[in-house]
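S.K.: With the sequence up front, the predicted model follows.
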Amino acid sequence: AHYLQRIEKADGQLNSFISVTAEQALQQAEIADKARAAGNAGRLAGIPLALKDIFCTQGVKTSCGSKMLDNFIAPYSATVVEKLNAAGTISLGKTNMDEFAMGSSNENSYYGPVKNPWDLTAVPGGSSGGSAAAVAAGLVPAAMGTDTGGSIRQPAAFCGITGLKPTYGRVSRFGIIAYASSLDQAGPMARSAEDCAHLLGVIAGHDGRDSTSVARGVPDYVEGLNAPLSGLKIGLPKEYFGDGLDPEVEKAVREAVKVYESLGATVREVSLPHTHYAIPAYYVIAPAEASSNLSRYDGVRFGYRCDNPSDLIDLYTRSRAEGFGEEVKRRILIGTHTLSEGFFDAYYTKAQQVRRLIRQDFLDAFEDVDVLMGPASPTPAFDLGAKKDPVSMYLQDIYTIAVNLAGIPGISVPAGFAGGRPVGLQILGTHFAEAQLLNVAHQFQ
Ligand code: GLN
């Protein structure tokens, strides 16, 4: 009830929620209370949280930030949602996001932009901007996000909270509306690494309904949070400290690294030589997969349908023309182009080869160091409306995108301010090193 009141009071300004499910939440809270009294409560019984509106939630509108799904009530729940329910958490609602998770500022939402609680003239980041803003403003203690190219880590950085993108395959994608299937991964966004550890322990694990989820035991992510860091080898990728990095962001990150040195870690420079190709490779692969995933929105089976279609082709074309926003259409056009006959090898196959090199860069670096550190984003949160050119928006993700191409985990933790706006320190580890990342992040906090 406390958090529902906070939402009621503050969200008119922030716009971080698309739907608030107050009634269901209070019912769930009663169930959690009873379970606790009976001694059979789940491990997170009674903890309120919010879900990015990309997670299918049975009986609840699941819009993915799009007019296309404005009328869509999900008939089943994502595995992540089922697992959170089984642990006793209470969903307060669905958070705002860039349409189909395409964006870095939350300005691509059909439901309007979200404001950054630290400064209402700034963006909260994207695409999980609603989740980040809601946690930062204390409207909810934690939220779920998804990250295809930075959408958990960058909004976490912009809003001064902690956000973890797990290893690809660590968390089931079943019931999460697909953007780019080979990159999408769900993860927790919260006030601390410790809270993220509790949540990851609940949502991680193999799922027979997602063939890319990995059959590998889920460790206790909380147990190792206080392990000492003496002897930890930190690598600073020199490509993450180059041109375009805001000097105040750099200063905050370097100061954070010094804290780790004082905790007994050693620091050395490393190189990820193919970093430069990450954004171009991503903007071939992600739109290609998106154009295929979004072909299901045809006005026939579910979602938006245009009025009075004259024939079937008119139904398809007008439903898609009216239902999708501008950025989504841009990505569909790019993806359809790069996948078409005659262009496929030059773009898609080439991008997959580049992806392999990017992954190898990380694996080579992890031969020498335990974790990599750098900024989550080259700048702090920018002003609403400041980035009109799509390419300048794409370049925002320079430090986060390669991580998804490589499939490795990454976490952003609050590390001071630049120009009065929060800065995120990004910590990267090798595949399935989430426990280590959470330990390293927790020691800083
Ligand atoms: N900003 C990137 C994009 O627009 C990444 C978004 C995401 O991680 N979902 O594709």
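M.R.: Yep, that arrived.
S.K.: and stretch 88-102 with the ligand, contact?
M.R.: Yes - judged by Cβ under 6 Å from any ligand atom, stretch 88-102 comes into contact with the ligand at Ala101, Met102. Where you see a C-beta, it was placed from the backbone N, CA and C, and this is true even at glycine.
S.K.: Can you give the distance of that stretch from its chain's centre?
M.R.: Computed by Cα atoms, centre = their mean, to the nearest Å, the chain-centroid distance of stretch 88-102 equals 11 Å.
S.K.: and it, how far apart are its ends?
M.R.: The first residue of stretch 88-102 is 31 Å away from its last residue (Cα to Cα, to the nearest Å).
S.K.: Now do the same contact list for the closest residue to Met393 other than its chain neighbours.
M.R.: Nearest-residue entry for Met393: Lys387, 4.8 Å, with adjacent residues in sequence omitted and distances by Cβ to Cβ, 6 or more residues apart in numbering. Contacts here follow Cβ atoms under 8 Å, 6 or more residues apart in numbering; on that basis Lys387 touches Ser105, Met393, Gln396.
S.K.: surely the last one meets Ser104?
M.R.: Just to be clear, that refers to Gln396. Yes - between Gln396 and Ser104 there is a contact under Cβ atoms under 8 Å: 4.6 Å.
S.K.: Can you check which residues contact both of those two?
M.R.: Shared contacts of Gln396 and Ser104, defined by Cβ under 8 Å, 6+ apart, comprise Gly150, Gln154.
S.K.: about what we covered before: out of the contacts of Lys387, the closest to Val214 would be?
M.R.: Using Cβ to Cβ, Gln396 comes nearest to Val214 of these, at 29.6 Å.
S.K.: Please report phi then psi for the closest one.
M.R.: Backbone torsions for Gln396, taken as degrees, to the nearest 10, come to phi -50, psi -30.
S.K.: same thing with Gly323?
M.R.: Backbone geometry at Gly323, expressed as degrees, to the nearest 10, gives phi -90, psi -30.
S.K.: Can you read off the pLDDT for it?
M.R.: Gly323 is assigned a predicted lDDT (pLDDT) of 98.
S.K.: quick one on the thing from earlier: the contacts of Lys387 into TSV, with extra columns for pLDDT, distance to Ala133 and neighbour count?
M.R.: Shown next, in TSV, are the contacts of Lys387 (pLDDT from 0 to 100; distance: Cβ to Cβ, whole Å; neighbours: other Cβ atoms under 10 Å):
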residue	pLDDT	distance to Ala133	neighbour count
Ser105	98	12	29
Met393	95	18	20
Gln396	91	17	26
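S.K.: where do the strands sit along the chain?
M.R.: For the chain, applying DSSP state E gives strands covering 17-20, 48-52, 90-95, 142-147, 162-165, 185-190, 233-237, 266-270, 371-375, 410-418, 421-428.
S.K.: mean confidence score for the first one?
M.R.: It stands for strand 17-20. For strand 17-20, mean pLDDT rounds to 98.
S.K.: cool, the fourth one as well?
M.R.: Along strand 142-147, the predicted local confidence has a mean pLDDT of 98.
S.K.: elements contacting that strand?
M.R.: Secondary structure elements in contact with strand 142-147, counted by 3 or more Cβ pairs under 8 Å, 6 or more residues apart in numbering; DSSP states H and E, are strand 48-52, helix 129-136, helix 153-159, strand 162-165, strand 185-190, helix 193-203.
S.K.: Also the first one?
M.R.: Counting contacts by 3+ Cβ pairs under 8 Å, 6+ apart, the secondary-structure elements packed against strand 17-20 are helix 2-14, strand 90-95, helix 129-136.
S.K.: what does the first one rub up against?
M.R.: Helix 2-14 is touched from outside by 17, 20, 22, 25-26, 48, 92-93, 114-115, 117, 120, 133-134, 137-141, with contacts defined as Cβ under 8 Å, 6+ apart.
S.K.: hang on, the earlier thing: check the helices and strands packed on strand 17-20 for me and report the most buried one.
M.R.: Comparing these by mean neighbour count (mean count of other Cβ atoms under 10 Å), helix 129-136 ranks first with a mean of 34.
S.K.: what angle separates it from strand 48-52?
M.R.: Orientation of helix 129-136 against strand 48-52 (axes from the mean of the first three to the mean of the last three Cα atoms, to 10 degrees) gives an angle of 160 degrees.
S.K.: How about whichever residue of the stretch 151-300 of the chain sits closest to the ligand: what's its closest non-neighbour residue?
M.R.: Residue of the stretch 151-300 of the chain nearest the ligand, by Cβ to the nearest ligand atom: Ser151 (3.0 Å). Excluding the flanking residues, the one nearest Ser151 by Cβ to Cβ, 6+ apart is Ser127, at 4.1 Å.
S.K.: got the contact list for the one you found?
M.R.: Shown in contact with Ser127 (Cβ under 8 Å, 6+ apart): 65, 97-98, 101-104, 106, 108, 146, 148, 151, 155.
S.K.: ok, so of the residues you listed, who is nearest Arg355?
M.R.: Arg355 has its nearest neighbour among the contacts of Ser127 in Thr148, at 13.7 Å by Cβ to Cβ.
S.K.: my guess is the closest one contacts Leu183, does it?
M.R.: Yes - if you go by Cβ under 8 Å, Thr148 and Leu183 touch, sitting 4.6 Å apart.
S.K.: intersection of neighbour lists for those two?
M.R.: With Cβ under 8 Å, 6+ apart as the test, Thr148 and Leu183 both reach Ala286, Asn404.
S.K.: neighbour-wise, which of these two wins?
M.R.: Neighbour tally, Thr148 and Leu183, criterion other Cβ atoms under 10 Å: the higher count belongs to Thr148, 27 against 21.
S.K.: and that one, how far is that from Arg296?
M.R.: Distance from Thr148 to Arg296, counting by Cβ to Cβ, to the nearest Å: 18 Å.
S.K.: coming back round to it: mind listing which of the contacts of Ser127 are in helices?
M.R.: Residues from these lying in helices, with DSSP state H as the criterion: Pro155.
S.K.: In TSV: the contacts of Ser127, plus distance to Val270.
M.R.: Shown next, in TSV, are the contacts of Ser127 (distance: Cβ to Cβ, whole Å):
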residue	distance to Val270
Gly65	37
Met97	33
Asp98	32
Ala101	30
Met102	31
Gly103	30
Ser104	26
Asn106	33
Asn108	34
Thr146	28
Thr148	25
Ser151	25
Pro155	27
